[in-house]
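Visitor: sequence first, then the predicted structure, then my questions.
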Amino acid sequence: MKKYLLAFVLLLLMTVAFAQTKPKSKEKPPTQKEMNDMMKEMQKAMDEMSPEDKKMMDSMGIKMPSTKTIPKLTDKQLADAWEDENRIVPKRDAVRIAAIPKAVTDSKMGAYIAAVQNKLASTFKPEVITMGNKVYDYVKSNSKSTGQAGNMAMGLWMAGKPEIALYVLGKLCAADAGNTDNLSNYSAMLSMQGAQHLAIPILNNLNAKYPKNSTLLNNLGQAWFGLGEIGKAEKYIDSAIHIYAYHPQANLTKSLIEESKGNKQGAIDAAKRSIAKAYSMDKENRLNKLGYKLQTKDVAWDKPMPQDALGLEKFKWPDYPMNVEESEVLEVEWDAFKKKCQEDLEELRMQEKTLEKQVEEANNVRTKQLPQVGQRGIMVYLFPPLAHKAMAKLSYLVVDKDGHIAFSHQKKAQAVANANIEIAKFEDILSNQIKVLNKQYEDDFGEGKPNPFDAACADYNKASNSFLSSSNTLLRDAFVDFLGFMRRKINNEMYYYQYTMWPENFELAKVQAKMSWLSLLVNQNPRFKDKNGWCQDKIDSAEGKPFKLSKFDDIACQYKATMDLKIIKFTNNCSRMTSEFDFMFLNYVRKDDFERAEGDTYIGSTLKVSVEAGKDQKAGPLKVEAKIGGGVELEFGRTGLEDVALIGEAKVGAGTGIFDEDEETDSPGIGIAGKDAFPTTVEAGIEGRISLISGHGEMGGSGILKGMKITEW
């Protein structure tokens, strides 16, 4: 990964230098003279860097380049590089197309793959081969079948070790060329690492046996696309899309083909179909490049949303008094309620301080891990794995782009304020009524006077009851509406944060949400009035009983995918993504050897995994549109895993977790989990089946295996 960071820094500095020497960007490649000028500017910028900046870059694992080590390029080389950089589809590679081996029959498949493996052994670094042989021995010894061993090899591919995965899977295929899944996955790996010409004979063999299999059709299309044979590639790509309109990889490549034809709208439509069921930032960036802003309706979301995740609806508070009799009782209850709220708030404030420290510590750990992205035996993400998809799909829940949320909040909060203003008027009315009653009864009480206690009591209470009924009805209704809105708002925010925040941050956000809710409850201000002093049955004030406040529900992630492939155990749990490696089989080598064996990054692709073996075997490799008893789909971008979808056979409808954009709910577009919901937990392992649906690979066909040729086997 360091080489890519280094290239990025170099490109950035060169871009800055170029911007300093030219008023605006050019639509043609720079000349050798211009490059030399940029190099001088870049070297000057590096020389002027402060020691603090250099130290910071060193701490991030970024070593500044020297212009002395950068090769001198001719104008033609620069022009060719410029053309490759701006190319939409690959240039036709006549040499590699001519080098495609002749048809490979079933009887010769093992020998063919053995020949490819021999070439791999001379192409990959020695440490990759050494490690690959050790891993091969391990998977053979710890699996019951070639299929299980192949799934373990796929675990290495998931872990960001594509070269070792390819080598190990190839050895398995050479030993047993009859496993369809392994053959299909091996050919996909070959294609995505630059050996499209060597993958095509395998794919042709499988496609002849399993026609109309969307995975094989897509992978053939991607292989021909990588060779620059665009017409042939498009036929296979179109066939895959015809079978499954939302094919994630076929549509992405179709978008490039349409753009190369000048059909911008067609390119946008294809990219939208690609991202609909399988999100990646590469796809969103592509749409941005085409001038289309991704909308929430463009992305499917299958993660169930509880209607009241924090259990806010369980919270009850005393009634609002409508007369003086209720007032004297309920005022005591309200005092006890508010006291309990304040006690719970104080406990939450203490939790908040503890969690703030944990967040700071976790952020420090992630900051230290960032320089190791792609190098170590763990997946390190700048953001939670599903964050970008959640931002694209769910941001409308919390990001107030059109002012709707702010307007609703302001409107309902203003209703509470207006109620208090109106109550002030009722207070004035009551005050005037009391003055009239005081004057009416000022001479009626005392020795030798009528002392009409009952009448005075009734008159004064009538005035107070009218005030309480009018004021508290108005105030109660305003608060109920406001609190209902805030309950939905808090729940929406927590649902959004569950996927966009790191677990430690989310725990803090939950505590702060609870504090916000209790603060809203305690700020209710019902009005109270005592019975008039002339009322002989006036209730004496008594100490209220402790109020039992409801407990918040804990928001536990309802969405979990676990895949145990022995070598790697992958777990996705909302905002937490973990990849646990089993290094026991490497206990006789240094761990760093495994980490440094290769530094390749992912290539955009889709991985489909079934929970059980034996499903859909007659149709060939698993397809993204295939219905299976249970499984998981994983979408990889160039930075790693970006989307995870649980799959299973279920009917679309209310309570399935599948959203309907036209369905009216508190949170439009969000499925509500119910008894008929799609599976919220999937556990897959080496007993299942895995299918690799390849992406288009490197645009320039510059994969490490580009130059490999097989002449005989």
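Guide: That came in fine, so what should we check first?

Visitor: the stretch 451-600 of the chain: helices as residue ranges?
Guide: 453-500, 503-522, 591-596 (DSSP state H, counting those that start in this stretch).

Visitor: ranges for the strands of this protein?
Guide: 560-564, 568-573, 576-581, 605-610, 631-637, 640-647, 681-685, 690-694 (DSSP state E).

Visitor: distance to Tyr246, mean pLDDT and mean neighbour count added to those strands, as TSV?
Guide: In this view, the C-beta of every residue, glycine as well, is placed from N, C-alpha and C. Listed next are these as TSV, based on distance: least, C-beta to C-beta, whole Å; pLDDT from 0 to 100; neighbours: other C-beta atoms under 10 Å:
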stretch	distance to Tyr246	mean pLDDT	mean neighbour count
strand 560-564	20	88	21
strand 568-573	21	85	19
strand 576-581	24	77	16
strand 605-610	11	90	25
strand 631-637	12	87	24
strand 640-647	12	84	23
strand 681-685	20	85	18
strand 690-694	12	93	29
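
Visitor: returning to that earlier point: between the helices of the stretch 451-600 of the chain, which one is closest to Pro101.
Guide: Using C-beta to C-beta as the measure, helix 591-596 is the one of the helices of the stretch 451-600 of the chain that comes nearest Pro101, at 32.7 Å.

Visitor: average model confidence for the closest one?
Guide: Across helix 591-596, the average pLDDT comes to 55.

Visitor: rewinding a little: reformat the helices of the stretch 451-600 of the chain as TSV; add distance to Val89 and mean neighbour count.
Guide: Below are the helices of the stretch 451-600 of the chain laid out as TSV (distance: least, C-beta to C-beta, whole Å; neighbours: other C-beta atoms under 10 Å):
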stretch	distance to Val89	mean neighbour count
helix 453-500	35	19
helix 503-522	42	19
helix 591-596	35	15
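
Visitor: for Lys40, find the nearest of those helices.
Guide: In terms of C-beta to C-beta, the element of those nearest to Lys40 is helix 591-596, at 34.7 Å.

Visitor: in a markdown table, list the strands of the chain along with distance to Asp335.
Guide: A markdown table is the format used below for the strands of the chain (distance: least, C-beta to C-beta, whole Å):
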| stretch | distance to Asp335 |
| --- | --- |
| strand 560-564 | 44 |
| strand 568-573 | 43 |
| strand 576-581 | 43 |
| strand 605-610 | 58 |
| strand 631-637 | 53 |
| strand 640-647 | 49 |
| strand 681-685 | 45 |
| strand 690-694 | 63 |
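
Visitor: Gly155: neighbouring residues, count only.
Guide: 24 (other C-beta atoms under 10 Å).

Visitor: right, and it touches Glu580 too?
Guide: No: applying C-beta atoms under 8 Å, one finds Gly155 not in contact with Glu580, separated by 10.6 Å.

Visitor: who touches both of these two?
Guide: 568, 570 (C-beta atoms under 8 Å, 6 or more residues apart in numbering).

Visitor: burial count for Gln440?
Guide: Gln440 is flanked by 12 other residues according to other C-beta under 10 Å.

Visitor: measure it to Glu504 for me?
Guide: Gln440 sits 67 Å away from Glu504, going by C-beta to C-beta, to the nearest Å.

Visitor: quick one: which of the strands of the chain is nearest Glu352?
Guide: Of all the strands of the chain, the one in closest proximity to Glu352, counting by C-beta to C-beta, is strand 576-581 (21.1 Å).

Visitor: now the closest one and strand 568-573, what's the angle there?
Guide: Put simply, strand 576-581 runs at 170 degrees to strand 568-573, going by axes from the mean of the first three to the mean of the last three C-alpha atoms, to 10 degrees.

Visitor: local confidence estimate at Pro29?
Guide: 64.

Visitor: no wait, Asp616
Guide: Per-residue pLDDT puts Asp616 at 69.

Visitor: Ala149 contacts Val139, doesn't it?
Guide: Yes: between Ala149 and Val139 there is a contact at 4.4 Å, judged by C-beta under 8 Å.

Visitor: residues that sit against both of the two, list them.
Guide: Listed as contacting both Ala149 and Val139 by C-beta under 8 Å, 6+ apart are Leu172.

Visitor: any low-confidence regions in the stretch 51-200 of the chain?
Guide: 55-86 (pLDDT under 70).

Visitor: ok, Asn204 - contacts?
Guide: In this structure, Asn204 makes contact with 103-104, 220, judged by C-beta under 8 Å, 6+ apart.

Visitor: just the buried ones among those residues, please.
Guide: Burial by neighbour count, 16 or more other C-beta atoms under 10 Å: within the contacts of Asn204 this picks out 104, 220.

Visitor: distance to Lys425 for the contacts of Asn204 - can I get that in a markdown table?
Guide: Below are the contacts of Asn204 laid out as a markdown table (distance: C-beta to C-beta, whole Å):
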| residue | distance to Lys425 |
| --- | --- |
| Ala103 | 92 |
| Val104 | 90 |
| Leu220 | 78 |
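
Visitor: for Ile693, state which of the contacts of Asn204 is nearest.
Guide: Of all the contacts of Asn204, Leu220 has the smallest distance to Ile693: 11.7 Å, by C-beta to C-beta.

Visitor: report pLDDT for the closest one.
Guide: At Leu220, pLDDT is 98.

Visitor: and His409, by the same measure?
Guide: Per-residue confidence (pLDDT) for His409: 87.

Visitor: is it in contact with Lys489, as I believe?
Guide: Yes: using C-beta under 8 Å, His409 and Lys489 qualify as a contacting pair, with a distance of 7.2 Å.

Visitor: picking that back up, adding distance to Ala413, write the helices of the stretch 451-600 of the chain out as a markdown table.
Guide: Shown next, in a markdown table, are these (distance: least, C-beta to C-beta, whole Å):
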| stretch | distance to Ala413 |
| --- | --- |
| helix 453-500 | 6 |
| helix 503-522 | 10 |
| helix 591-596 | 54 |
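
Visitor: so which residues of the stretch 101-250 of the chain form helices?
Guide: For the stretch 101-250 of the chain, the helices defined by DSSP H, counting those that start in this stretch occupy 106-123, 126-141, 146-158, 162-175, 180-192, 196-209, 214-226, 230-243, 248-260.

Visitor: can I get these in CSV with distance to Lys389?
Guide: Shown next, in CSV, are these (distance: least, C-beta to C-beta, whole Å):
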stretch, distance to Lys389
helix 106-123, 35
helix 126-141, 32
helix 146-158, 18
helix 162-175, 23
helix 180-192, 22
helix 196-209, 29
helix 214-226, 22
helix 230-243, 22
helix 248-260, 13
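
Visitor: closest to Val365 out of the ones you listed?
Guide: Among those, helix 146-158 sits nearest to Val365 (C-beta to C-beta), with 23.0 Å.

Visitor: can you give me the angle that closest one makes with helix 162-175?
Guide: Here helix 146-158 runs at 160 degrees with respect to helix 162-175, directions being taken by the same axes, to 10 degrees.

Visitor: and helix 146-158, what does it pack onto?
Guide: Judged by 3 or more C-beta pairs under 8 Å, 6 or more residues apart in numbering; DSSP states H and E, helix 146-158 is in contact with helix 126-141, helix 162-175, helix 180-192, strand 568-573, strand 690-694.

Visitor: need the residue closest to the centroid of the chain.
Guide: Leu386 (1.1 Å; C-alpha atoms, centre = their mean).

Visitor: contacting residues around the residue nearest to Pro384 when sequence neighbours are not counted?
Guide: Once flanking residues are discounted, Pro384 sits nearest to Ser575: 3.9 Å by C-beta to C-beta, 6 or more residues apart in numbering. Residues counted as contacts of Ser575 (C-beta under 8 Å, 6+ apart) are 384-387, 498-503, 506, 557.

Visitor: what do you get for Leu156?
Guide: Leu156 makes contacts with 135, 164-165, 168, 567-568, as judged by C-beta under 8 Å, 6+ apart.

Visitor: measure the closest residue to Leu290 other than its chain neighbours to Pro248 for me?
Guide: Computed as C-beta to C-beta, 6+ apart, the closest residue to Leu290 that is not its neighbour in sequence is Ile268, at 5.1 Å. Separation of Ile268 from Pro248 (C-beta to C-beta): 16 Å.
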